[in-house]
Structures are given as structure tokens and as C-alpha cells.
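Undergrad: fold the following, please.
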Amino acid sequence: MTMVAGPKHVGNQNSGFGPIDAFRSMVDSFLGRSLLGIERIGAMAKLTLLLLVSTTAIPSFSQRAALQSVIRAELNVTDGSIETWNGHLLVNVPEMRAVLGTATPQLIEVHFTYLGPTEKASKLGNGEMRRQFGLKLKAQDPCNLLYVMWRTEPKANLAVSMKLNPGMQSSSQCRDGGYHSLKATKSGRLPELQPGSWHIHRAEINQQELQVSIDHEPMWEGTIPTEAMSFHGPVGLRSDNVRVLFDAQVRR
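TA: Residues are numbered from 1 along each chain as shown. Prediction:
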């Protein structure tokens, strides 16, 4: 797979999205569900959207033999929903939380097209509205886990944090408590996340070292706290107020 260093529109004949006729059908499907928030659209605008969809098709994972795809049935969605769409996974709700139903090594890689903000927005418990899409690691429960979140609002950044609440297991117990921001020993320049752009978001823990990359470029490296070694759980996904079409892979 071609390595990219920043936002890139990707067109791939092998993605499974098919030729032009299939793309027209895809656009009709997108429009019918108002996926991009467009209620009325003219012929020229529809053609423009057709070209956009054709250049944001998610490529095949066939060249990444070391990783294996995650299917919808393997995900335990605890908040919001994840749909399947033309062989890919789709988030189209203000909030989504999910974890893999089985234990795997602490590595998750997501190839995704950012479709833009959701029509409705939800706020966090503290009243803040964020737009973000990211990864979970060591997700023992909603109270004890690591997050690697790519945010666009209120400020574009890569937020890596530990949520630690010993003895608590449910959101009703810990709510928004126990968050600790983690500092990187090395960091990279974050690409701009624009609607229609395609990216690769990857996070991996080796022993106590966390490495995060975006579009194959190192973006965050550091040592996770010793307290994070006290809890264990699967990898997973989270989104807030963004629409994303994606594929996920893990190492089994």
C-alpha cells in the first residue's frame, strides 16, 4: 500500500466499490440517507459528489497480511451504533463506543474516510462539545482504559489519555472522572482532517511503550503510566459528533 504523509484522497480500483455505475448507486444511497446532510442537490452538485465518493473509496487490506479485518459481528457497541455499508463500517450518530468482543494484542489500525460532522451534536458530561474519532486500548470497562483520539473541535489535536477509576466498572459510577492526559516523548505534525479525506490511524502498545501513527507517519510515542498496567481489556473505537466510513484491523 502506498505510504502517505498527510491528507489524501484515494481512488482504488481494487477497493470493492466498483466502477462508475456502482459509484452512481453509492451516491444515490448516500443522498437518500442524507449522509452528508444534503437534502436537495442539482445535477452538477451530484456529479461533484460522485467524484468525491470515487476518490474516497477505502482500499483493500489484502497487502496487510499481518493484520486481520474486524467485522461488525465482532464488535460490542455499548453506545450509539455502527452500521455496515457496502462491505465497510459506518458511524453516522453523535456518539459511538465499541470494543472488540475478544482479546487480541494491543494493536488496532483503522483506515477511514472522514465524512464530516453529524447533523446533531451531543455534549460531554461537562458540557463541552467535541468532534473526534479515535481508538481504545486496554479497554477493561468504561472506567479503565486508554484513549487515542484525533480531535477536530474545539481544537485540532491528538489527545492521548488514560482513564483510571479503580473499583469502578460502569459509566454511571465513574462518569467523566479519572482522566489523565499523557505526554509524548516524541510527536509529529498532525494532518488536517477535512471532509472527504482518507487516513490511516494506528495505535500499538509493546510492553509499556505506546506508538501512534497517522498515514504511516509517527505521531505520538511515549511510555504509558505504571497504573495502566493494572487493567486489561480489548481494543476498541470511539467517536463523538463525526461521520466516518472505515475498516478496522487487528493482530490475532
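Undergrad: mind listing the helices for the chain?
TA: For the chain, the helices defined by DSSP state H occupy 20-32, 43-54, 171-174.
Undergrad: ok, Val91 - contacts?
TA: Val91 is in contact with Gly80, Ser81, Ile82, Glu83, Phe133, Ser239, Val242, Arg243, Val244, Phe246, counting by C-beta atoms under 8 Å, 6 or more residues apart in numbering. From N, CA and C alone the C-beta is placed, and that goes for glycine too.
Undergrad: what's the local residue count around the third one?
TA: Which is Ile82. Residues near Ile82, counting by other C-beta atoms under 10 Å, number 21.
Undergrad: hang on, the earlier thing: hmm, which of the contacts of Val91 are the buried ones?
TA: Using 16 or more other C-beta atoms under 10 Å as the burial test, those include Gly80, Ile82, Phe133, Ser239, Val242, Arg243, Val244, Phe246 as buried.
Undergrad: can those residues go into a markdown table with extra columns for pLDDT and distance to Tyr147?
TA: Formatted as a markdown table, these follow (pLDDT from 0 to 100; distance: C-beta to C-beta, whole Å):
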| residue | pLDDT | distance to Tyr147 |
| --- | --- | --- |
| Gly80 | 98 | 16 |
| Ile82 | 98 | 18 |
| Phe133 | 98 | 11 |
| Ser239 | 98 | 12 |
| Val242 | 98 | 15 |
| Arg243 | 97 | 20 |
| Val244 | 97 | 16 |
| Phe246 | 98 | 17 |
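Undergrad: closest one of those to Ala66?
TA: The closest of the buried ones among the contacts of Val91 to Ala66 turns out to be Phe246 (C-beta to C-beta; 19.0 Å).
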